[in-house]
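[1] Please work out how this folds:
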Amino acid sequence: MNYVDLNGQDRAAAELANYLQSANNTSDLAKDIKNFDLYNTDENKALNAKYVSAYRGQVVIKWLPNGRSGSLGPVMLLDPDEDVINGGIQTVQHEGGHYVQYRALDPVVYYMCIGIPSFFSQAQTNKDYYSQPWEITADIYGGVNRGPGFSYHTGAILIDIFRDWLMDENCP
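    Coordinates of the predicted model:
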C-alpha cells in the first residue's frame, strides 16, 4: 500500500516516505528513537541501529550508501550495511575521531583543512587514504586499531607536526 502518490515529481522523496511509513520500518525507527543516547560510547549500539543512533555526542544516521561514510561536524553518515563484522567498529571510531577534530577547530577551519581534503582523497587505496595527516589524527582521536598487517606510510611520522600545527589553528 502506498502512502504517498508516486506519480508526483518528487519520486525519491515519495519512495522514502513510503519506506519509512511501512509497519516494519516504523517499528525499527521507533526502536532507534527509544534507544537513542547522545552520549553512547558503544560502537556496536551505533552499528546495530537501523536508521539513527549516536556515538560520543555525534548523531549517527545510517543513510550514505555504497560503502561510504563521513562526518559532517555533529552528524556521522554511515552506509546502512555497515556492521560489526565488516570493520564497522573502526569506521565509527574513525568518524568519531573526525568529530573530535571538528570540536577542536572552528567549523570553517575544519571543513577547509580536514573535511574537503578528506572528501577528495577518498579515491586512494586504504593505506594511502589513512596515511593522510587528517585521517591519521582521526584514527588517533577515535582510538582506531587497524590491526596486524596495517601500517601507515613512513611519511606519516610527520603527523605530530601536522597535529600541533592544526591545533594551533595555523590552517587557513
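[2] List the buried residues for the longest helix seen in the chain?
    For the chain, the helix reaching the highest residue count under DSSP state H is reported as helix 88-104. Under the neighbour-count criterion of 16 or more other C-beta atoms under 10 Å, helix 88-104 has 88-102 buried. Every residue, glycine included, has its C-beta placed from N, CA and C.
[3] Give me the helices and strands touching the host helix or strand of Asp139, please.
    Element membership for Asp139, per DSSP states H and E: helix 133-142. Taking 3 or more C-beta pairs under 8 Å, 6 or more residues apart in numbering; DSSP states H and E as the contact definition, the neighbouring helices and strands of helix 133-142 are helix 88-104, helix 116-120, helix 126-130, helix 159-167.
[4] List phi and psi for Val60.
    Dihedral pair for Val60: phi -110, psi 120, per degrees, to the nearest 10.
[5] what about it, distance to Val75?
    Taking C-beta to C-beta, to the nearest Å as the measure, Val60 falls 8 Å from Val75.
[6] who's more crowded, those two?
    More crowded of Val60 and Val75, by other C-beta atoms under 10 Å: Val60, with 29 against 15.
[7] Isn't that one up against Lys50?
    No: shown here, Val60 and Lys50 do not form a contact pair, counting by C-beta atoms under 8 Å, at 11.3 Å.
[8] re earlier: identify, from the buried residues of helix 88-104, the entry nearest to Ser27.
    Lowest distance from Ser27 to these (C-beta to C-beta) belongs to Gly88, with 22.7 Å.
[9] isn't the closest one right next to Asn48, touching?
    No: between Gly88 and Asn48 there is no contact, the gap being 9.5 Å when judged by C-beta under 8 Å.
[10] Cool, thanks, signing off.
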